[in-house]
Every structure is written in C-alpha cells, then in structure tokens.
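Student: Mind folding the following:
(chains A and B)
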Amino acid sequence: MNPLRAISLACLATAALSARGEDLLDRADEALTFAGCNGQVGAHLSGLLDLEFYQFNGDPPGLLFADGHELWNSRLTLLFDAQIGSHVYLFAQARLDRGFDPSAGPLQARLEEYALRWTPGDDGRFNLQAGRFATIVGNYIERHQSWENPFINAPLIYEHMTELSDAGPAQNRSGVGAVAEESKYEYLPVIWGPSYATGLAVSGRLGKFDYAAELKNSALSSRPETWDAGDHGFAYPTLSARLGYRPDMAWALGMSASEGAYLTDQARAGLPSGTGLGDFKQYLLGQDLGFASGHWQLWAEVYEARFDVPHVGNADTLGYYLETKYKFTPNLFGALRWNQQFFDSVPKGNGGMDPSGNAIWRIDTAVTYRFTPRSQLKLQYSLQHEDQAEAALSHLVAAQFTLRF
Amino acid sequence: MKPFIALLLASTLAHADTVIEGHVELPKAKAAPVIAKRYEIVTKGGVLSTNPPAAIVYLEGGFAKPAVPPVRQIVQKDLVFQPSLLAVQTGTRVEFPNRDDTYHNVFSFSPAKRFDLGRHRPEDTPVPSQVFDKAGLITLRCDIHEHMRGIILVLDTPHFTISGTDGSFKLAGLPAGTYKLKVWLDSRTTLEKSVTLISGHTTQLNFP
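Tutor: Residues are numbered from 1 along each chain as shown, chains lettered A, B, ... in the order given. A predicted model of the protein is given here:
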C-alpha cells in the first residue's frame, strides 16, 4: 500500500473511532496493568505503533539509511514498567522494525533497554540503576520517544553524521573522512540518538540540585552494535555525569560531561604503534536548559565535543539547538527547532589545516494533531544547509502517525 | 408568620424523608497504575494506591439548575487525581489544585468537554478550573504523568450520590413522582430501574 495512503487511512480510522477508540484503548491499558502481593507489585505493558514516511532531496539526512528519495518505515515499540514495593523499579523496551535501513532489511526484534533501579530512601536523594538504558546526559532523552518528541527526528547533534569514524583513521581530509552515503553508517554523530549503552548509573536530588553519573560500556557517539555488553565488552568504559539545577518548577538547567574511548576493534590495525583503543577518546561538555509554563515549552542544548583521531590529533566540534513547542488547542501543537553545528580544523599532512567537517544548520518545523489521547499525526518540514556539500540546501518532508496503547 | 414557618418545615421534612436506598453490585477492583519513570533520573514514590470501585447513583428527570453554580475540587496529589471519580450537576465549576511538588496538567478530549489547562504549579492562582456545562462523561488526564486518570460524570440532576465501596447507597431529599434511577458503573455500563417515590417513604432498590 502507498505509505501516505496507509497513514491517511490510519488517521481516518482513528478520527472515526474517536471517543470509542479512546475508551477501547483505555480498557486495553487497564487489561495490561497487573498487580500482585497485595498491591505491592505492579506491572504495566504499553507500546507505540509508528507509521512514518519521509521524502527528501539529495541523500537521506541524519540517521536515515535508504536508497532513493523516499522512505517508508513502521515500528512497534513495547514498553514494560514494573514497581516492586517502594524501592525497586524495573523497565524494558523492545522494538520490532526493519532496523536502521528500513528499505532493505527484514523485520527484526531488538531489546533496546532493560534496567533495574533501586531507590533506598523515600526522598529520591539516591538511586542506583544497572542494565542497558538511555544516557543521563542532556535533556533530550526524556522526550525522544515518538509520543513525547514534538518532531519526527532528533536534534542535529544526535543524528548528524560527522566525518569521524569508529572504524579507524579515515582517508580524506587529513585523516578525517568525508562521509560517503553508502558507508554513512560507519561514521559517528556526537551523540548516537539515545545511546542505549550498558552500565551502571547513580542519580538523585538534593534540594534544588539533581545529579546523575553513569559508567557505560561505550562512548556517547558509539553505534548501536557497541551498546550491548555481551558483544562489545566493558574494556573501554565511558564515564558521563550531569549536574542539574532547578531554581523553580519552570526552569531546569544542567551541565554534562563525558569521557570514553570511541574506536572499535576494526580500528586496531591502523593505530599508531604503541597506542591502543583506550588512548583515543571522545570528550564532551554539554549545557542544557528547559523551561515550561502554561502551554509553552522550551529546550536548548549546547555540546562541545573533542575526538582524539589517530594520526591526526584533536577534531573538535560544537553543536547546539533551540527548540520550542506551543499547544494551540487541546488537540493541536506546533514546534520549531533551530540546529547548528561547527567543526574546527585539523592538521593536514603537509603542515596546513583543514576543517574536520562541513558547517551545517537545519531548521525543523512540525505540527502535531492529537485525534485522541492515544493517537496523533505529526507533519514535519526541515530545511538544511551544509557548507561545501554537493547540494548545499536540502529539504525533508515527513509524516508520522503514532498510536499509543 | 408562624403557620408559614410550620408549613415550610413540614414541607422540608417531607422532602427529606423521601429516600431511595439499596445496594449495587460493584465490578472488581482494577490494578493500580504503574508510574513510568524510566527517563526521570530522579524518582520518588513507589506503588500507587488502588482506587476501590464505586458506582454513581442518580435520579434522572427534568430538574432545575441551581441558582448559584456549585464549586467542587479534584486535587492532584501524590501523582493521582483525588477523588478519581466525581459526579457533578451541569453548570458546576471544578477546580484542580496541584498539591504535588511538580508540574501537573489536566486535559480532556471527551466530547462533553474538551479542554487543556496547561502546566500549572501548586502556587498558581487562581486555581485552574473548568465549568462543566454539558452532561456526559469526562475522562481527565495529565499530559505529564501518563498514568493519571480521573472521571467526572456530569449530570442534569441534583439528585446523585457515589456508593460506598461495599456498594451501598442512599439518596435522600427526593421529590415524589415517577423517575428512572440510574447506576453508572463504568464507561460501558449504566443500569437503570423505574421507581415511583412517595413523599415521606423510603424505597429499597438493589442492582442488579
């Protein structure tokens, strides 16, 4: 079926069902909530069904991997939450989709997250969490799922492929390789989406301050296949931390830092003699801001990142975004996001300097209409400009229908 | 003057004595919701309390609206709506004070009343409120805490009550006449029986 027709049909069906559909899904929600041990154990299974369509000129942007200029993607996300007494919380997330190249691969099921959190006290001043889970860095993670995200894609800093690879020294640009579309997956963004790596985290709140620190098995920029401890091991851990400050309920400010090795085994053969994978690290400093009042919300993040590149030295980049969302009516909200990323120069072999990437900006606009409290349609348009790219200006039009159950 | 007061007293007593009482067989208790807090690095609170099932019992008929619109409250406290089930007469203003130390929101997509009060803090004044001027079922939700749910049943009658958790109910001060007594159990189930009320009498009625 034509993807746009499928999304339109889903919207029409939802609008027609409306109140009945809402009630039906509420009842399904109740049926998927379980209790035991005199109410001391509660578990809840929920999920998201996403139907997405992308159309773009030029190469697929960000973390989209596809042939041609259109992409149709469907995804089922199952979420499990369980509370055991007051002090133990468990969660897991599984996905069924075609992976990161929906145009080619077969349907695959993945366990993206699973973690156990222990909260010994009642005031939330200390939490200990172990498992595979999203990073504590920044403030984007809390809205990265399709229902909460006002956009269909992530901010640029979480999905724009830099010219840095984890597979070893690249060949162009003085050792930093220009991203070829066919091998885009071998390159790294500054933070790879939600970065569901494996490890331990501590977090808590002390008055107006909150803190979090995590020790994970791979760097923030690392690709998904390194997130699992079974596959990638824990030989080169990454340490990340965030300190937050809430002067009042409306404002949330935070500072994050991270340090960890980002190269994979593929890079080992090309390393300078006497060095190992652990000698080449990604360093990151971040600042984040959140504001909310009435129907208006605002978020911003700034990240400065440095990558130790074998045979090259430091490749530095700075990226930021400013995002706002306003709810016009109970059903309709709009969002606007300005993203920008800059790259510093790296030494060329002949003694000169070369930029380690093309400066880029992107503006994202989106509107979301919620048919019911459990179904919504999102439409997005993005305009992107990349210095020295073949097509300096590129466009993305996307639609996403989400059903939450 | 004295005969008038005596007449008024007699009339009031006679009204107050017209009563329906009985018992409703309630559905099974639902499991308490589980808070999804996976992406909150700071978490408080554990198992939420279960709301025992209850029924709304009301007398259907053509009754006058109150001269002064009533005001009721549903509090957002400990990440739940309290009470989670409220019956009001059309025209009632319901206030939604926030008694938690976090933002809350109240919204409804229900056909009888569609609204979104935005994010509000405990100290916000005036307390966010909404007038419910059309009869029907309103499902309340919080945009920030997806597990939160509350129900308001807006009725075109001043004669209603919420049953006890054992299913017992009592409606007093009713006018004499023939009416339909309805019992709302959930969004799918409303039971009804015809009843003739005689002034000063107590009528027993059980559901089913």
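Student: Can you pull out the low-pLDDT segments for the stretch 1-150 of chain A?
Tutor: Across the stretch 1-150 of chain A, the ranges flagged by pLDDT under 70 are A:1-7, A:9-21, A:100-105.
Student: now the strands for it?
Tutor: Counting by DSSP state E, counting those that start in this stretch, the stretch 1-150 of chain A has strands at residues A:33-36, A:41-56, A:70-84, A:88-97, A:108-118, A:127-132.
Student: and of these, who's closest to residue B:159?
Tutor: With Cβ to Cβ as the measure, strand A:33-36 is the member of the strands of the stretch 1-150 of chain A nearest residue B:159 (34.1 Å). Heads up, the C-betas are built off the backbone N, CA and C, glycines and all.
Student: that older thread, next, format the strands of the stretch 1-150 of chain A as a markdown table and append mean neighbour count and distance to residue B:80.
Tutor: Compiled in a markdown table, the strands of the stretch 1-150 of chain A are given as follows (neighbours: other Cβ atoms under 10 Å in any protein chain shown; distance: least, Cβ to Cβ, whole Å):
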| stretch | mean neighbour count | distance to residue B:80 |
| --- | --- | --- |
| strand A:33-36 | 16 | 14 |
| strand A:41-56 | 20 | 13 |
| strand A:70-84 | 19 | 14 |
| strand A:88-97 | 19 | 17 |
| strand A:108-118 | 16 | 21 |
| strand A:127-132 | 19 | 22 |
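Student: what's in contact with stretch A:78-90?
Tutor: Stretch A:78-90 has contacts (Cβ atoms under 8 Å, 6 or more residues apart in numbering or on different chains) with A:40-48, A:91-96, A:115-120, A:122, B:34-38, B:43, B:45-47.
Student: again, only this time at 6 Å
Tutor: With contacts defined as Cβ atoms under 6 Å, 6 or more residues apart in numbering or on different chains, stretch A:78-90 is touched by A:40-47, A:91-94, A:116-119, B:34, B:36, B:46-47.
Student: I figured residue A:260 hits residue A:238, correct?
Tutor: Yes - if you go by Cβ atoms under 6 Å, residue A:260 and residue A:238 touch, sitting 2.4 Å apart.
Student: what is in contact with those two at once?
Tutor: Contacts common to residue A:260 and residue A:238, judged by Cβ under 6 Å, 6+ apart, are residue A:219.
Student: Just the element for residue A:289, please.
Tutor: Take DSSP states H and E as the rule and residue A:289 turns out to sit in strand A:281-293.
Student: what's the closest of the strands of the stretch 1-150 of chain A to residue B:178?
Tutor: strand A:33-36 (42.0 Å).
Student: The residue in the stretch 51-200 of chain A that chain B sits nearest to and residue B:84, how far apart?
Tutor: Closest residue of the stretch 51-200 of chain A to chain B, Cβ to the nearest Cβ: residue A:86 (3.1 Å). Distance of residue A:86 to residue B:84, computed by Cβ to Cβ, to the nearest Å: 21 Å.
Student: contacting residues for residue B:148?
Tutor: Applying Cβ under 6 Å, 6+ apart to residue B:148 gives the contacts residue B:142.
Student: near chain B, which residues of the stretch 51-200 of chain A show up?
Tutor: A:81, A:83, A:85, A:86, A:91, A:119, A:124, A:136, A:141, A:142 (Cβ under 6 Å from any Cβ of the partner chain).
Student: ok, 10 Å please
Tutor: By Cβ under 10 Å from any Cβ of the partner chain, the residues of the stretch 51-200 of chain A that approach chain B are A:79-93, A:113, A:115, A:117, A:119, A:121-127, A:129, A:133-134, A:136, A:139-145, A:147-148, A:194.
Student: what does the stretch 201-350 of chain A give?
Tutor: So the stretch 201-350 of chain A meets chain B at A:201-206, A:210-214, A:242, A:244, A:246, A:248-250, A:254, A:292-297, A:327-331, A:333 (Cβ under 10 Å from any Cβ).
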